[in-house]
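# need coordinates for the following:
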Amino acid sequence: MISGYGLENLMLDEAELNQFTPIIPYYDHGWCLLDGMVQSVVDSPSEEYFAWNQRMMNIHKTLNKKIFITGSPFVYFINKYGVKKKRKKNTIFFLGHSTPKIRAIFNISKLCDDLNKLPNSLKPIDICLHYNDMNLEKIFIEKGFKVRCAGNIISNSFPKKFFEILADYNYSCSNILGTYVLYSLYIDIPFFLIGDEITYYNFGLDKNVPEKYKPLGSKTSQNIIHLFNKFNEKITSPQRKLIDYELGLKDKINKKDLKKIILKSLNRSLKNPLKIFPLVKSLGRTLVMKYKSF
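Numbering: from 1, shown residues only. Here you go, the predicted structure:
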């Protein structure tokens, strides 16, 4: 199935199911640091929700949904292909990215100055841009940085391209706490925060976030931000505990249960006309993703 970041294919592969099997349960699309319920989870017509971790399960436990902890599908990829850091390059900076509905507001000149002030032991520093921010590539190149990108996010090849970039480096950093924090730490790449915090402007009325907000402003973010405010040569014990919990490493269901839940939700939609809307929505989402992937 074509999906954002190739997540559905990773889940189907883990569950040992045909790659054309529709996934009915709603699932987390990244590391969510919001304090309250995610409106997309609330509005989902599916009776099941695949949460990354116990925190997301607890936040949504009052919903009339069966919630299962699956962890991040990218971890399935890491474990299957044995992704490890290669130590080929020094530091990769992940810019806090925009979306088609949300604009990232920051001072790019100030950010480049902050990166250039890092010690020589962390240089050279390359920039990784999200597909939505490739309009900034020329500016970063003119500032003397090499720019990398994992390509269109609506692609089943995205995980492979992403880890080909990340695994090249000794260290990673960003101006926000993005999902790449967890993946960096998981494959033993120390991560740290740098630069001024981004402000996001939700001009497209994304229902999951307010009109203007700072991604590090949530209580959830504030509780962990101290773990990354300074550079550490090695990953600390509190950081390792964080990834265990946030990636659901010890709490996630096994692949047999994942397969059983996916098939059960699909069969329910196929057998009962009153339950078919989640299937229609899943197939419609796939068609939209297929169109956007061109």
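
# going forward, measure contacts between C-alpha atoms and count neighbours the same way
Noted.

# next, the buried residues of the helix or strand hosting residue 79.
Under the criterion of DSSP states H and E, residue 79 resides in helix 73-81. Buried residues in helix 73-81, counted by 16 or more other CA atoms under 10 Å: 73, 74, 75, 76, 77, 78.

# so who does residue 229 touch?
192, 193, 194 (CA atoms under 8 Å, 6 or more residues apart in numbering).

# hmm, 6 Å instead?
residue 193 (CA atoms under 6 Å, 6 or more residues apart in numbering).

# distance of it from residue 194?
Using CA to CA, to the nearest Å, residue 229 is found at 8 Å from residue 194.

# neighbours of residue 250, how many?
13 (other CA atoms under 10 Å).

# list phi and psi for residue 27.
phi -140, psi 150 (degrees, to the nearest 10).

# who's in contact with it?
49, 50.

# quickly list what it is bridged to.
residue 50 (DSSP bridges).

# that one and residue 194, how far apart?
For residue 27, the distance to residue 194 - CA to CA - is 30 Å.

# cool, residue 221 as well?
15 Å.

# ok, which stretches of the stretch 101-250 of the chain are helices?
108-116, 137-142, 158-166, 179-186, 219-222, 237-246 (DSSP state H, counting those that start in this stretch).

# how about these in TSV, adding distance to residue 69, mean pLDDT and mean neighbour count?
Output for the helices of the stretch 101-250 of the chain, formatted as TSV (distance: least, CA to CA, whole Å; pLDDT from 0 to 100; neighbours: other CA atoms under 10 Å):
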stretch	distance to residue 69	mean pLDDT	mean neighbour count
helix 108-116	37	98	15
helix 137-142	37	98	14
helix 158-166	21	97	18
helix 179-186	17	98	21
helix 219-222	19	97	14
helix 237-246	11	98	15
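
# how about residue 146, nearest residue that isn't a chain neighbour?
Ranked by CA to CA, 6 or more residues apart in numbering and with sequence neighbours excluded, the top spatial neighbour of residue 146 is residue 126, at 5.0 Å.

# now for that neighbour, how many residues are close by?
For residue 126, using other CA under 10 Å, the count is 22.

# just to check, residue 70 is in contact with residue 252?
Yes - using CA atoms under 6 Å, residue 70 is in contact with residue 252, at 4.7 Å.

# which one's more surrounded, these two?
The neighbour count for residue 70 versus residue 252, taken as other CA under 10 Å, is higher for residue 70 (25 against 20).

# ok, back up a step: a markdown table please, covering the buried residues of helix 73-81 and showing pLDDT.
Putting the buried residues of helix 73-81 into a markdown table (pLDDT from 0 to 100) gives the following:
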| residue | pLDDT |
| --- | --- |
| 73 | 97 |
| 74 | 98 |
| 75 | 98 |
| 76 | 97 |
| 77 | 97 |
| 78 | 98 |
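
# I am finished for the moment; much appreciated.
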